[in-house]
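Colleague: Here is my input, please return the structure:
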Amino acid sequence: MGSAGCLYERTEDMNRFYVDKRDFDGKRVKISGEDVKHITKVLRLGVGDKVVLCDGDNSDYDGEIQKIIKDEIFVTVNNSRPTGTEAPIDITLFQAVPKSTKMDFIIQKGTELGVKRFVPVTTARTVVRIESDKDEQRKIARWQRIALEAAKQSRRGIIPEVTGTVSFQTALDMMKECDLPILPYVGERSRSLRSISCADGLKTIAVFVGPEGGFEEKEVEQARNRGIITIKMGPRIFRTETAGMVLTAVLMYRFGDIGGL
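Modeller: Model (predicted):
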């Protein structure tokens, strides 16, 4: 999960918090930083109040506030259980970096839908260029924060990872490691997601969405030559910020847990 600290989530019957696994010390968890003020001054929780803690690794813990000092809160934890909100498949979304704040939307909604990992990609027609390491670190930190907040809202058991920006060729190499690597392409005429026959045991899916101007034909051919499956999305053309969300929802319906499966 990384050192994201503690994030607050309000539910109807319980206060729920994300904490870093490294803050667990046996049956006790320490919460520190700005969240202490939020918990004590805003939420007005005190010693003896019940909470639920999520370690960001798909486990929830029943807890009780044991001690509050100036800048630390100690919580005792009892039984743990799977969070129960993670899909049976792992979807990694390879997204050509779009213009403006579209990536914010993609990460937020993708997290709600169950995407496990976001990989920003630079393609031939990508307009946005990351100029320096500092610029990239700033963008990744922002996107990771959006993933954290969306995970909190949607009660995810894990915090999706937002990786550093990779090249087109590196993205193809990474996709090959997945059980089902697919690339929606407006020029595909025959193969649809429905026509893909997948064997039992499918665990990992990679989806590669192009930029506003789409993929260049040579990029699509390179992907096909590397074993990436190109598919058509239907008669209409989706925006870059829409395509990944539509495809993720369909994949979660077919192979995941959307639809009450």
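Colleague: okay, CA-based contacts and neighbour counts for the rest of this
Modeller: Fine.
Colleague: Just the strands from the protein, written as ranges.
Modeller: 7-10, 15-18, 24-25, 28-32, 50-54, 59-69, 72-82, 90-96, 117-122, 161-162, 166-167, 180-184, 204-209, 229-231 (DSSP state E).
Colleague: which one of these lies closest to I237?
Modeller: Proximity to I237 (C-alpha to C-alpha) singles out strand 180-184 among the strands of the chain, at 10.4 Å.
Colleague: ok, the closest one: who's next to it in the sheet?
Modeller: Its sheet considered, strand 180-184 pairs with strand 204-209 (parallel), strand 229-231 (parallel) by DSSP bridges.
Colleague: Now render those as CSV, adding distance to R156, mean pLDDT and mean neighbour count.
Modeller: Listed next are the strands paired with strand 180-184 as CSV, based on distance: least, C-alpha to C-alpha, whole Å; pLDDT from 0 to 100; neighbours: other C-alpha atoms under 10 Å:
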stretch, distance to R156, mean pLDDT, mean neighbour count
strand 204-209, 18, 98, 24
strand 229-231, 29, 96, 22
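Colleague: Next, format the ones you listed as a markdown table and append distance to L172.
Modeller: Shown next, in a markdown table, are the strands paired with strand 180-184 (distance: least, C-alpha to C-alpha, whole Å):
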| stretch | distance to L172 |
| --- | --- |
| strand 204-209 | 9 |
| strand 229-231 | 11 |
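Colleague: on that earlier part again, point out the most buried one among the strands of the chain.
Modeller: strand 90-96 (a mean of 26; mean count of other C-alpha atoms under 10 Å).
Colleague: What pairs with that strand, parallel or antiparallel?
Modeller: Partners of strand 90-96 in its sheet, by DSSP bridges: strand 117-122 (parallel), strand 204-209 (parallel).
Colleague: in stretch 211-230, what's buried?
Modeller: Buried residues in stretch 211-230, counted by 16 or more other C-alpha atoms under 10 Å: 211-212, 214-215, 220, 223, 228-230.
Colleague: pull the CA atoms of stretch 57-73 into PDB?
Modeller: Extracted in PDB, the C-alpha atoms of stretch 57-73 (Å, rounded to 0.1, in the frame of the first residue of the first chain):
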ATOM      1  CA  ASP A  57      -4.000  -5.700   1.600                       C
ATOM      2  CA  ASN A  58      -7.700  -6.900   1.500                       C
ATOM      3  CA  SER A  59      -8.100  -7.500   5.200                       C
ATOM      4  CA  ASP A  60     -10.400  -5.700   7.700                       C
ATOM      5  CA  TYR A  61      -9.900  -5.700  11.500                       C
ATOM      6  CA  ASP A  62     -12.300  -5.000  14.300                       C
ATOM      7  CA  GLY A  63     -10.700  -2.500  16.600                       C
ATOM      8  CA  GLU A  64     -11.300  -0.300  19.700                       C
ATOM      9  CA  ILE A  65      -9.500   3.000  20.500                       C
ATOM     10  CA  GLN A  66      -7.300   2.200  23.500                       C
ATOM     11  CA  LYS A  67      -5.300   5.400  24.100                       C
ATOM     12  CA  ILE A  68      -5.100   8.900  22.700                       C
ATOM     13  CA  ILE A  69      -2.100  11.100  23.300                       C
ATOM     14  CA  LYS A  70      -1.200  14.400  21.600                       C
ATOM     15  CA  ASP A  71      -0.300  13.200  18.200                       C
ATOM     16  CA  GLU A  72      -0.900   9.400  18.300                       C
ATOM     17  CA  ILE A  73      -3.900   7.100  18.600                       C
END
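Colleague: Next up, the contacts around the closest residue to T165 other than its chain neighbours.
Modeller: Of all residues not flanking T165 in the chain, P120 sits nearest, at 4.8 Å (C-alpha to C-alpha, 6 or more residues apart in numbering). Going by C-alpha atoms under 8 Å, 6 or more residues apart in numbering, P120 touches 94-97, 162-166.
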